[in-house]
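Novice: coordinates only, no sequence provided:
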């Protein structure tokens, strides 16, 4: 099972602030993903990466951006947070056996 | 038609019951299949992969029917701890290929009662 870490676990922040959600993994997986999930709702893929310097947008339009400068690190940034960004953000890594999720960051924008 | 469809439930069953979930997928080129489990307000966790020949892991059995494009999950002797949402997941790309993203179903909620 992958070791994947996300910080912060919980974040309450005001509208207009810039935030970066951190995701790191120690398994050396090339593939990494960001999902957004509202309570009781389905997962939506917002970004993914197949390796260093590779980033792609997912199925759900998102105002966030990502970077992949190192294999183990895949941060997600919101330049100007809005209440509509309130959600849970889940980072995952992947190999042939499936995807492995971090514990998530629960974001509340007031 | 959605790419991956599941009955949202909830399935309310007594302890010890056998319960089965089905999931249908629309892309006939789908390559690999999984069941994930998600507890309330937690991250999804891989429960098992689904192989063409079917596979079993303890009380859990997964089966794939490519002709009808559905997969199933059978849970025998349900425990209280089995209460969760079960997500059907389909990969439309080949292993390691550029289309290797997973498509998640909305999930089926299971509640096992004493």
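Specialist: Yep, that arrived. Please read these numbers as outputs of a predicted model, since none were measured by experiment. Numbers count the residues shown, from 1 in each chain, chains lettered A, B, ... in the order given.

Novice: is stretch A:16-33 up against chain B anywhere?
Specialist: Yes: Stretch A:16-33 reaches chain B (C-beta under 8 Å from any C-beta of the partner chain) through A:31, A:33. Just so you know, the C-beta spots here come from the backbone N, C-alpha and C atoms, and that holds for glycine as well.

Novice: state the mean pLDDT of that stretch.
Specialist: Stretch A:16-33 shows a mean pLDDT of 95.

Novice: surely residue B:85 touches residue B:38?
Specialist: Yes: counting by C-beta atoms under 8 Å, residue B:85 sits close enough to residue B:38 to count as a contact (4.7 Å).

Novice: between those two, what contacts are shared?
Specialist: The contact sets of residue B:85 and residue B:38 overlap at residue B:107 (C-beta atoms under 8 Å, 6 or more residues apart in numbering or on different chains).

Novice: who's whichever residue of chain A sits closest to chain B bridged to?
Specialist: Sorted by distance to chain B under C-beta to the nearest C-beta, the residues of chain A start with residue A:101, at 3.8 Å. Taking DSSP bridges as the rule, residue A:101 bridges to residue A:92.

Novice: list the contacts for the closest residue to chain A within chain B?
Specialist: Residue nearest to chain A within chain B: residue B:43 (3.8 Å; C-beta to the nearest C-beta). Contact analysis of residue B:43 by C-beta under 8 Å, 6+ apart lists A:90, A:101, A:102, A:103, A:104.

Novice: from residue B:104, how far out is the closest residue to it other than its chain neighbours?
Specialist: Computed as C-beta to C-beta, 6 or more residues apart in numbering or on different chains, the closest residue to residue B:43 that is not its neighbour in sequence is residue A:101, at 3.8 Å. Distance from residue A:101 to residue B:104, counting by C-beta to C-beta, to the nearest Å: 11 Å.

Novice: what do these two both touch?
Specialist: Listed as contacting both residue A:101 and residue B:104 by C-beta under 8 Å, 6+ apart are residue B:44.

Novice: report the distance from the helix or strand of chain B with the lowest mean pLDDT to the chain centre.
Specialist: Using mean pLDDT, DSSP states H and E, strand B:102-104 stands out as the lowest-scoring helix or strand of chain B, at a mean of 85. In terms of C-alpha atoms, centre = their mean, to the nearest Å, the centre of strand B:102-104 is set 11 Å apart from its chain centre.

Novice: can you tell me the strand partners of it and which way each runs?
Specialist: Partners of strand B:102-104 in its sheet, by DSSP bridges: strand B:84-91 (antiparallel).
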